[in-house]
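Student: One predicted model, sequence on top.
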Number of protein chains: 2
Amino acid sequence: MQEAIDISDIRAARSRLEGIAVRTPLLESPLLNERAGRRVLVKAECLQLTGAFKLRGAWSAISRLTDSERKNGVLAYSSGNHAQAIAWAAARAGIKAVIIMPEDAPALKIHNTRSYGAEVVLYDRAGGENREALGQTLAADRGLYLIKPYDNAMVMAGQGTCGLEIAEQAADAAVSDADVLVCCGGGGLTSGIAIALEADAPTLKARPVEPESSDDVARSLSSGSRQQNDGPPTSICDAIVTPSPGELTFPIMNRLCKSGLTVSDDESLMAIATALQTLKIALEPGGAVALAAALYRSNDIEGDAVICVASGGNTDPQILARAIALSGQG
Amino acid sequence: MQEAIDISDIRAARSRLEGIAVRTPLLESPLLNERAGRRVLVKAECLQLTGAFKLRGAWSAISRLTDSERKNGVLAYSSGNHAQAIAWAAARAGIKAVIIMPEDAPALKIHNTRSYGAEVVLYDRAGGENREALGQTLAADRGLYLIKPYDNAMVMAGQGTCGLEIAEQAADAAVSDADVLVCCGGGGLTSGIAIALEADAPTLKARPVEPESSDDVARSLSSGSRQQNDGPPTSICDAIVTPSPGELTFPIMNRLCKSGLTVSDDESLMAIATALQTLKIALEPGGAVALAAALYRSNDIEGDAVICVASGGNTDPQILARAIALSGQG
């Protein structure tokens, strides 16, 4: 079966992103290496414009819209990072943006999305209101063009540009054979990176990392078919608590990814404190699970080096304070 | 009078630093721009190896030592960032390092310096013990080669490589005429950047920023001669509370720098919170004064854009927690 994207889509997205997206650094700290027992290279997507990798996919999609798709504006549903990215990208492109966000999203994410100029519509995630259904109604009523957060080929292609950079930066850092741990929600970033690595660095293998209470991708990879999470999410990793892997993303992950890893919320908070101390970057819980796996699932990782994608840093400051306190350093 | 370094020394240092130092990103955040009322571009030297720009100068100096200078090892005195940089660089070069540090330096800096393999000798800064005298005695007794933190031409040339990068990155960001605010202690970084900008981006002007209780450089620039701070330092900006501008650095700053700026400790803490929230980077107080000036001395800065050098991020985590609490976000 034809997959949603191939490497040429990612290379084309990279051209469109030139001069827009930040080529984020692949950071390394001798003190972190010592703590993890191997080289740990961290792709700092928290330093991406709008604070998360999502800007890649958002601009990739928005920069390809036709005039009729742009006309009435775009619609997105998102826990917050796709929201901010679409809001910024739409403003930059001179398009109206309406964003559906859960009421319980971090206040910072809601605030920032509005600051970038988007109209925000809140829904009751905890009470089980369905954002997809709400989105379809809104899109139909107002003639908005829906840009899904991961099940969209242009979004996936944009996220894949992160993988092209990892392939180049790993070579510069003399890392040739390693797991690439990716914080994973619906799988847009993981599948995009997997395609990019297959083409440009086939000895690097993408592996999704999730909160243990939202381990749908890990179970899906192990069973070979898409599995669901039960009930509303309980993890603090709000960016990556999607109900199941995407329809378009899963076939790619299933073909290319090694088994998934999971970590606890406390492990993610400890990883946030470690990132502040050794790498000097601020991560959000959902953006820290890959680093947490490098620190606390050491036995499940092979190789002298591991690459972690630190996918975002949009968190309310009290989460950082909580991470510092939990780590015993506060 | 011949100055301690010229642009050719900085270009030579850059060659030696290739493959060693990180080319740190020049970060920008739309939300930060909005808060500051102009474009703010932040040179994130906290992402430099060992967490501060000091690695540039340390490797620049150590990579030029002769066999006889290397033989018994090197000596440095430092509040912590030069210490860590010399410790790492010496270990990398296979040289012994002895570092004189104040007892009241942040615990993290002392711990890290030892982790990089250096021998740490503590002295009583608050009680007025003189580190220069202690250093000369130790150097003489043990045949160590002293690498001063700023009054050393090769150190200054290394710090100047940061200015070469700023010149290139500002051009990429379409910033052609701006103040470049530099967190300033003894003036190694400020003078190095000033020489680099004079050559490669003469419309960008370096300006030192200091804590208001240690404003020796600002007063020196305004009087035209080197001024001292009275008594032991009281600011929390431990990285930049040197007693006076350097003998080698001051003539360069006096020729090339616009007037200095000063900020309070609380303003520096507020800037730390803003950097965490908008740029996703962790700064130390002494590394945040330039950003604090961009935020709180807006009327003293001209131009549509300002460039801030965020010089370091080595802080005990409780400082970050305190900054978050002070900003009312914790």
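Tutor: Happy to help now that I have it.
Student: what lines up beside the lengthiest strand in chain A in the sheet?
Tutor: Taking DSSP state E as the criterion, chain A has its longest strand at strand A:204-211. Here strand A:204-211 has these sheet partners by DSSP bridges: strand A:178-183 (parallel), strand A:261-263 (parallel).
Student: Now do the longest one: everything it contacts.
Tutor: Counting contacts by Cβ atoms under 8 Å, 6 or more residues apart in numbering or on different chains, the residues outside strand A:178-183 that touch it are A:41, A:163, A:166, A:170, A:189-190, A:193, A:197, A:203-209, A:237, A:239-240, A:258, A:261, A:286-291, A:293-294, A:301-312. For every residue, glycine as well, the C-beta is placed using N, CA and C.
Student: Looking at the residues you listed, which are in helices?
Tutor: With DSSP state H as the criterion, helices contain A:163, A:166, A:170, A:189-190, A:193, A:197, A:286-291, A:293-294 from among the contacts of strand A:178-183.
Student: out of the residues you listed, who's nearest chain B?
Tutor: A:Gly287 (9.2 Å; Cβ to the nearest Cβ).
Student: about what we covered before: now which of the ones in helices among the contacts of strand A:178-183 would you call buried?
Tutor: A:163, A:166, A:170, A:189-190, A:193, A:197, A:286-291, A:293-294 (16 or more other Cβ atoms under 10 Å in any protein chain shown).
Student: Please report the distance of A:Trp59 from A:Pro25.
Tutor: Per Cβ to Cβ, to the nearest Å, A:Trp59 is found 20 Å from A:Pro25.
Student: same deal with A:Lys96?
Tutor: Taken as Cβ to Cβ, the span from A:Lys96 to A:Pro25 is 34 Å.
Student: what do you get for A:Ala157?
Tutor: Taking Cβ to Cβ, one finds A:Ala157 at 22 Å from A:Pro25.
Student: With neighbour numbers in mind, choose between those two.
Tutor: Counted by other Cβ atoms under 10 Å in any protein chain shown, A:Ala157 and A:Pro25 do not tie: A:Ala157 has more neighbours, with 31 against 21.
Student: So what's the residue count around the residue of the stretch 1-150 of chain A found nearest chain B?
Tutor: Proximity of the stretch 1-150 of chain A to chain B (Cβ to the nearest Cβ) peaks at A:Cys46, 4.1 Å away. Neighbours of A:Cys46 under the rule other Cβ under 10 Å: 27.
Student: again, but for the one 4 residues further on
Tutor: A total of 27 residues lie near A:Thr50 under the criterion other Cβ under 10 Å.
Student: ok, now A:Gln2?
Tutor: 6.
Student: got a list of what it touches?
Tutor: Per Cβ under 8 Å, 6+ apart, neighbours of A:Gln2: none.
Student: And the pLDDT for the residue of chain A positioned farthest from its centre?
Tutor: Here the centre of chain A is the reference, and by Cα atoms, centre = their mean the most remote residue is A:Asp141, at 29.6 Å. The model reports A:Asp141 with a pLDDT of 94.
Student: Which positions in the stretch 101-250 of chain A make contact with chain B?
Tutor: Proximity of the stretch 101-250 of chain A to chain B (Cβ under 8 Å from any Cβ of the partner chain) is limited to residues A:Leu108, A:Asn112, A:Ser115, A:Tyr116.
Student: try 6 Å
Tutor: Within the stretch 101-250 of chain A, the positions near chain B by Cβ under 6 Å from any Cβ of the partner chain are A:Ser115.
Student: mind listing the helices for the stretch 101-250 of chain A?
Tutor: A:107-115, A:131-142, A:153-172, A:188-200, A:216-223, A:249-256 (DSSP state H, counting those that start in this stretch).
Student: contacting residues around A:Ser191?
Tutor: A:Met156, A:Thr249, A:Ile252, A:Met253 (Cβ atoms under 6 Å, 6 or more residues apart in numbering or on different chains).
Student: Any figure for the gap between the first one and chain B?
Tutor: Separation of A:Met156 from chain B (Cβ to the nearest Cβ, to the nearest Å): 24 Å.
Student: The third one now?
Tutor: With distances taken as Cβ to the nearest Cβ, A:Ile252 is found 28 Å from chain B.
Student: Kindly tell me how buried A:Gly231 is, as a neighbour count.
Tutor: 9.
Student: for it, what are its contacts?
Tutor: Per Cβ under 6 Å, 6+ apart, neighbours of A:Gly231: none.
Student: A:Gly163 is in contact with A:Arg14, correct?
Tutor: No: the criterion here is Cβ atoms under 6 Å, and A:Arg14 misses it with A:Gly163 at 10.2 Å.
Student: how near is the closest residue in space to A:Gly37 that isn't next to it in sequence to chain B?
Tutor: Spatial nearest neighbour of A:Gly37, excluding adjacent residues (Cβ to Cβ, 6 or more residues apart in numbering or on different chains): A:Ser298 at 5.8 Å. Separation of A:Ser298 from chain B (Cβ to the nearest Cβ) stands at 19 Å.
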